[in-house]
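In: Any chance you could fold what I've pasted below:
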Amino acid sequence: MGSFDSTHFISLLVPILPLIGFFGYFLYGDKFSESKIGAIATGWVLASFGLSILLFSQVATNGAIHVNYFDWIQAGSIKIPFAFQIDQLSTIMMLLVTGVGGLIHIYSIGYMHGDSGFSRFFAYLNLFIFFMLLLVMANNYVLMFAGWEGVGLC
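Out: Numbering: from 1, shown residues only. Model prediction:
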């Protein structure tokens with residue numbers, strides 16, 4: 001137990017929060033007003049930004065963190081884990097993605113006002129943030145490629 005377990009949980013929450021926003025707005029976005037959609041979608045990204053600040057401070061004091069969740073692909077002797085490498089570069093990129101992404105969310109609330117696809121736009125914007133975080137946090141090329149392709153898909 002201790003900070004190592006909380007680091008696992010926090011590093012998983014950073015990309016998961018925007019993904020929750022995607023599923024929430026993709027499935028139930030039409031039931032909310034524009035102001036609620038914009039505020040909550042931005043809140044998911046800014047919460048990831050706050051957790052990224054926390055991880056940045058942990059890396060600054062304790063050094064790089066390798067978080068292995070499970071073996072994603074296993075074929076014979078080849079094992080490709082679903083794992084994150086949280087180091088100085090990845091935390092800077094996490095701060096950049098979530099910080100600028102949060103600002104884009106704030107700007108988009110006014111820009112998309114009155115558009116019929118308002119909730120769908122914020123759902124896909126949160127999905128984009130998820131895949132971008134997956135890209136910068138991945139510790140192997142296969143997971144990084146999945147993030148890269150997801151960004152391209154969005």
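
In: Now do the buried residues in the strand or helix carrying Val100.
Out: Secondary structure assigned from DSSP states H and E places Val100 in helix 88-111. When burial is assessed from 16 or more other CB atoms under 10 Å, helix 88-111 yields the following buried residues: 90-91, 93-95, 97-99, 101-102, 105, 108-109. From N, CA and C alone the C-beta is placed, and that goes for glycine too.

In: What is it packed up against?
Out: Secondary-structure packing of helix 88-111 (3 or more CB pairs under 8 Å, 6 or more residues apart in numbering; DSSP states H and E): helix 3-28, helix 34-62, helix 118-137.

In: In the second one, which residues are buried?
Out: Under the neighbour-count criterion of 16+ other CB under 10 Å, helix 34-62 has 37-38, 40-42, 44-49, 51-52, 54-56, 58-59 buried.

In: And stretch 138-154, by the same measure?
Out: Across stretch 138-154, burial judged by 16+ other CB under 10 Å covers Ala138, Asn139, Asn140, Leu143, Met144, Ala146, Gly147, Trp148, Gly150, Val151.
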